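Asks: one predicted model, sequence on top.
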Amino acid sequence: MKMADGSTILRRNRPGTKSKDFCRWPDEPLEEMDSTLAVQQFIQQLIKRDPSNVELILTMPEAQDEGVWKYEHLRQFCMELNGLAVRLQKECSPATCTQMTATDQWIFLCAAHKTPKECPAIDYTRHTLDGAACLLNSNKYFPSRYTSIQPNDIRRVSIKESSVTKLGSVCRRVYRIFSHAYFHHRRIFDEFETETYLCHRFTHFVTKYNLMSKENLIVPINVGENAAPGESEA
């Protein structure tokens, strides 16, 4: 990024940068980001500016490919959810949470196994985030993000519709991490949510783009009544 005086801003944290100075570079318009990672960087820029401004963060720029926009947001959600997973490890263990549940009425099965089966909640969380990372970083399903593209063509990065349809199943699985934290580790959930607004943003995201049905959004954040009790497969 070049400033008006011709100097160049390196948008990287140099070795030795203090934590309070991390990512303290000026904002940059999306159209000036000359990278295949431009959409990711733009989303992270909006989050850094104000994580509570969910509507702004989720508002898609004009001419942006919707599939890429949804894909990059989901990647960002999974990256940030690792922070919640780390906090959950303080009190969520195979001994204390033997199943992936949300209240005593919902039991979720883990899809990381050959046949979906019950897992301790913390293992389900790790398996789900690992599986999401493998899928979302797969060159097989999302190849265009890793293709060398000329700067003027950055906005033309696109994702096949057959790959976009896979995003819904990832959303359903990672959402269960929120629901388990909310119903069984409320203090940790509230502390994390106060800092990040991540569940608020995720709920608005999947609602805005119809990636999850409302009856499955059981954490009461601007949604209707909780879904009926039951058991859910992966």
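Replies: On my side now, so go ahead.
Asks: I'd like the distance between Asn210 and Glu66.
Replies: Here Asn210 is placed at a distance of 12 Å from Glu66 (Cβ to Cβ, to the nearest Å). (C-beta placed from N, C-alpha, C; glycine too.)
Asks: show me which of these two is the more surrounded one.
Replies: Set Asn210 next to Glu66 and count neighbours by other Cβ atoms under 10 Å: Glu66 wins out with 12 against 9.
Asks: looking at it, the more buried one is touching Glu72, isn't it?
Replies: No - using Cβ atoms under 8 Å as the test, Glu66 is too far from Glu72 to be in contact (10.9 Å).
Asks: which residues touch Thr98?
Replies: Residues in contact with Thr98 (Cβ atoms under 8 Å, 6 or more residues apart in numbering) are 120-121.
Asks: before we move on, what about the one 3 residues further on?
Replies: Taking Cβ under 8 Å, 6+ apart, we find Thr101 in contact with 107-108, 121, 180, 183-184.
Asks: give the next helix or strand downstream of the helix or strand hosting Glu55.
Replies: Element membership for Glu55 (DSSP states H and E) is helix 54-58. Counting by DSSP H and E, the element after helix 54-58 in chain order, helix or strand, is helix 66-88.
Asks: may I see the buried residues of the helix holding Glu55?
Replies: For helix 54-58, burial by neighbour count (16 or more other Cβ atoms under 10 Å) applies to 54, 57-58.
Asks: what about the closest residue to Ile122 other than its chain neighbours, distance to Gly67?
Replies: If you skip the residues right next to it in sequence, Ile122 has Cys92 as its closest partner in space, 4.8 Å away by Cβ to Cβ, 6 or more residues apart in numbering. Between Cys92 and Gly67 the computed distance is 34 Å (Cβ to Cβ).
Asks: now Gln44
Replies: Counting by Cβ to Cβ, the separation of Gln44 from Gly67 is 19 Å.
Asks: please apply the same query to Arg172.
Replies: 18 Å.
Asks: residue contacts, the most centrally placed residue in the chain?
Replies: Nearest to the mean C-alpha position of the chain, by Cα atoms, centre = their mean, lies Phe77 at 1.1 Å. Applying Cβ under 8 Å, 6+ apart, one finds that Phe77 lies in contact with 174, 198, 201-202, 205.
Asks: can you put the residues you listed in JSON lines and add pLDDT, secondary structure and distance to Cys97?
Replies: JSON lines is the format used below for those (pLDDT from 0 to 100; DSSP: H, G, I helix; E, B strand; the rest coil; distance: Cβ to Cβ, whole Å):
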{"residue": "Val174", "pLDDT": "96", "secondary structure": "helix", "distance to Cys97": "17"}
{"residue": "Leu198", "pLDDT": "98", "secondary structure": "helix", "distance to Cys97": "20"}
{"residue": "Arg201", "pLDDT": "97", "secondary structure": "helix", "distance to Cys97": "25"}
{"residue": "Phe202", "pLDDT": "98", "secondary structure": "helix", "distance to Cys97": "21"}
{"residue": "Phe205", "pLDDT": "97", "secondary structure": "helix", "distance to Cys97": "26"}
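Asks: can you list those in TSV and add neighbour count?
Replies: Rendered in TSV, the data for the contacts of Phe77 read as follows (neighbours: other Cβ atoms under 10 Å):
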residue	neighbour count
Val174	20
Leu198	21
Arg201	24
Phe202	27
Phe205	20
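Asks: ranges for the helices of this protein?
Replies: For the chain, the helices defined by DSSP state H cover 38-49, 54-58, 66-88, 121-136, 161-164, 167-184, 186-196, 198-208.
Asks: now the first one: how far from the chain's centre is it?
Replies: Once both centres are worked out by Cα atoms, centre = their mean, to the nearest Å, helix 38-49 turns out to sit 13 Å from its chain's centre.
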